[in-house]
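A.B. asks: got a sequence here, can you model it:
(chains A and B)
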Number of protein chains: 2
Amino acid sequence: MGDEQGEIGVAVEKLWEEVRELSLGTSSYQVECLEYPPSPLRFLRDFVLPNKPCIISNAIHHWPALSKWSGDNSSCYLSNALSHTLVSVHLTPNGQADALAFLPTGNRLCFASAHVERMPFPQALDLISSCSSKPFVAYAQQQNDCFRSEYSTITDDVEPHIPWATQALDCLPEAVNLWIGNHLSQTSFHKDHYENLYAVISGEKHFLLLPPTDVHRMYIRHYPIARYSFSQDREEFELELESPMRYVPWCSVNPYPPPASMDSEMKSFPLYFNGPSPFQCTVKAGDILYLPSMWFHHVTQSPDDNGRTIAINYWYDMQFDIKFAYFNFLQSINLKSVGYPTCLKNLGESSCERIDDANAPRD
Amino acid sequence: MGDEQGEIGVAVEKLWEEVRELSLGTSSYQVECLEYPPSPLRFLRDFVLPNKPCIISNAIHHWPALSKWSGDNSSCYLSNALSHTLVSVHLTPNGQADALAFLPTGNRLCFASAHVERMPFPQALDLISSCSSKPFVAYAQQQNDCFRSEYSTITDDVEPHIPWATQALDCLPEAVNLWIGNHLSQTSFHKDHYENLYAVISGEKHFLLLPPTDVHRMYIRHYPIARYSFSQDREEFELELESPMRYVPWCSVNPYPPPASMDSEMKSFPLYFNGPSPFQCTVKAGDILYLPSMWFHHVTQSPDDNGRTIAINYWYDMQFDIKFAYFNFLQSINLKSVGYPTCLKNLGESSCERIDDANAPRD
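C.D. replies: Here you go, the predicted structure:
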């Protein structure tokens, strides 16, 4: 019976390949690029239906934001437009919020949330741009429809929704979020239960993407939730577990580990590091990335001349359909317990654990 | 480890339920009915994307076929229009072609194909209608685009394609098939690798439908292919294995076994008989059934006043996307080898076998 158990692991590997060959139609791990926005019908048929990402150029060239939010006068324009506006800024020691970090005591990994500070927008913009002289990295973001709530004075600079997506999906966005960060801001691997249209206004965003079928390669585990708090006086962060303790399932893989820990990371997460490469793409100012629901994504960014990357993403409700049911089934398979040979051969006791899902923070 | 193996069986059962609850949105096993044809966008979004069947009324009321092919004058009209046309007629002893049958020797099950006879259409029509006086059941059907090839003189009585489906799927039908049968004609459980639009012109078709996620409930096994040959002289059928032997994977379940074998069928195929009911629907003259790709279907029919059921189906190419990859993964799981407890408890050695797929006949 042992051999047959291992076959499920082999079947999972085959699934990773088949999705790439059949559905994504590429072995180069490139995301398809469209020169112009697709018709609603084409967007639905060729991308939403097969759950396939694409980058769309020339989709937002008519937005005033493209010129107003970048270039020499942009700091001035934004600071004036939002001079009296309080916005939420995420402060972390290293730009990595909603990411795994070691607790100061006991060498234990936790899911570290940022210190969130409400401050006048001009001050936020200053903190984001002047990161090198500060003991923290500031990232203006709040994934709670922040653009339509906090930034209401500049909403006319963009469209309130993406017309061809709205028509295709037959609904308005559930949330619209603004992201203003710098070259240190990162978002760790995770997935969202939304169809995501991600428009870059200034600077560039770099995505690593893995289809939902690769769920086992993310080593999703439950981590205790902790939160940074920054002390202005001492100019330092503390990282403390929530009390009472709560756990969140989160991806364990850091795709860019520091050189010193590369070996141990590769040993801990062989399904990621030895499996098919993630899809990589750079979304430039003026482009939209269609990031399909349930795809795992990791995000870094390159700043514009003002040291900022500005993006807006539109979350549309996804369909919880047969694909979602298949995903839940796949995710429920504990590769270790079915004797996946690669795991048994390469990994220690704690690897290939059962994974679980819950309401986790999102990008 | 034993318990964890059995959990895959439990996860498969949960998948059956989740697809019904999430995607199909119904626990009543009814197929959604639309009073009018959907827009291409709605058809794609609400039915093709989630792989969900529906019945569409008032979609073909403008087809001349609806009046010309039924009613008192229809035999006359059709026989005149096709007076010189040779068509393919499937002859079987019981109306069940492309179905499992016992070989005359050895009590062995095989996949029995019909005796196919080419004959003038008026003769075919007569044989179909006069089944009670004949030692065979005749079914005019040939799943090779027969409508556009054999029946070219009456193609103008219907539309060459379904406009809103063509626009949604961005292609013309790959094949258009005509089906003229009587109350004995049946099609056994199977699935097709096509998006299927099934228009009933006269009489009624009764479908049993199971989503692709229920693949293990069909007990797909490899059966040797046999073919009926009908001797006009002796007025009887012979059923002989192909030589050299070939095998085809086919569904083992007969949903309507004769009362005498009900017990043994239920024991042999508990995942079908004890699992969730299939979706049932009747497609009336004038209606179209959207039968999504990869759904298992079993078809019986009720005749019109002329003793006939006439239908046309349009096969559109399906997308071999992430859903298809998930299906292949699911199908590759051998429930018996992962120790699915229900199987081990209820079934003999030969049950819950590995299933496989191939190019099999289609409805």
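
A.B. asks: what's the angle from the longest helix seen in chain A to helix B:2-18?
C.D. replies: Criterion DSSP state H: the longest helix present in chain A is helix A:2-18. Helix A:2-18 runs at 40 degrees relative to helix B:2-18, counting by axes from the mean of the first three to the mean of the last three Cα atoms, to 10 degrees.

A.B. asks: list the strands paired with the helix or strand that helix A:2-18 is followed by, with their directions.
C.D. replies: Next in sequence after helix A:2-18, counting helices and strands by DSSP states H and E, comes strand A:32-34. Strand A:32-34 has the following strand partners under DSSP bridges: strand A:54-56 (parallel).

A.B. asks: tell me the helix or strand right after the strand it pairs with.
C.D. replies: Using DSSP H and E, the helix or strand that follows strand A:54-56 in sequence is helix A:65-68.

A.B. asks: need the distance between the two termini of stretch A:196-214.
C.D. replies: End-to-end span of stretch A:196-214 (Cα to Cα, to the nearest Å): 19 Å.

A.B. asks: model confidence over the longest helix of chain A, on average?
C.D. replies: For helix A:2-18, the mean pLDDT works out to 81.

A.B. asks: packing partners for that helix?
C.D. replies: helix A:341-346, helix B:322-332 (3 or more Cβ pairs under 8 Å, 6 or more residues apart in numbering or on different chains; DSSP states H and E). Any C-beta I mention is one placed from the backbone N, CA and C, and that applies to glycine too.

A.B. asks: in the stretch 251-363 of chain A, which spans are strands?
C.D. replies: With strands called from DSSP state E, counting those that start in this stretch, the stretch 251-363 of chain A shows them at A:279-284, A:288-291, A:296-302, A:309-317.

A.B. asks: got it, and the stretch 51-200 of chain A?
C.D. replies: Ranges of strands within the stretch 51-200 of chain A are A:54-56, A:86-92, A:96-97, A:99-102, A:109-113, A:115-120, A:137-141, A:175-181, A:186-190, A:194-202, based on DSSP E, counting those that start in this stretch.

A.B. asks: ok, the shortest one: who's next to it in the sheet?
C.D. replies: When you say that, I think you mean strand A:96-97. If you go by DSSP bridges, strand A:96-97 pairs up with strand A:186-190 (parallel).

A.B. asks: and if you look at the longest one?
C.D. replies: For strand A:194-202, sheet partners with direction are given as strand A:288-291 (antiparallel), strand A:309-317 (antiparallel), following DSSP bridges.

A.B. asks: so which of those is the most surrounded?
C.D. replies: For the strands paired with strand A:194-202, the largest average neighbour count (mean count of other Cβ atoms under 10 Å in any protein chain shown) is found in strand A:288-291, namely a mean of 25.

A.B. asks: just the CA atoms of that one, as PDB, please.
C.D. replies: In PDB, the C-alpha atoms belonging to strand A:288-291 read as follows (Å, rounded to 0.1, in the frame of the first residue of the first chain):
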ATOM      1  CA  ILE A 288      -3.000  46.800 -14.700                       C
ATOM      2  CA  LEU A 289      -2.300  43.300 -13.500                       C
ATOM      3  CA  TYR A 290      -5.300  40.900 -13.400                       C
ATOM      4  CA  LEU A 291      -4.400  38.800 -10.400                       C
END
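
A.B. asks: next one: that strand to chain centre, how far?
C.D. replies: 12 Å (Cα atoms, centre = their mean, to the nearest Å).

A.B. asks: and for that strand, what are the contacting residues?
C.D. replies: Here strand A:288-291 makes contact (Cβ atoms under 8 Å, 6 or more residues apart in numbering or on different chains) with A:31, A:43, A:47-48, A:53-56, A:59-60, A:162, A:165, A:192, A:195-200, A:205, A:207, A:209, A:281, A:283, A:297.

A.B. asks: same check on stretch A:113-122?
C.D. replies: Residues from elsewhere that reach stretch A:113-122, judged by Cβ under 8 Å, 6+ apart: A:78-79, A:82-92, A:97-98, A:127, A:136, A:139, A:142, A:225-230, A:237, A:361.

A.B. asks: and the strands of the stretch 51-200 of chain A, which is most packed in?
C.D. replies: Note that of those, strand A:137-141 is the most buried (mean count of other Cβ under 10 Å), with a mean of 26.
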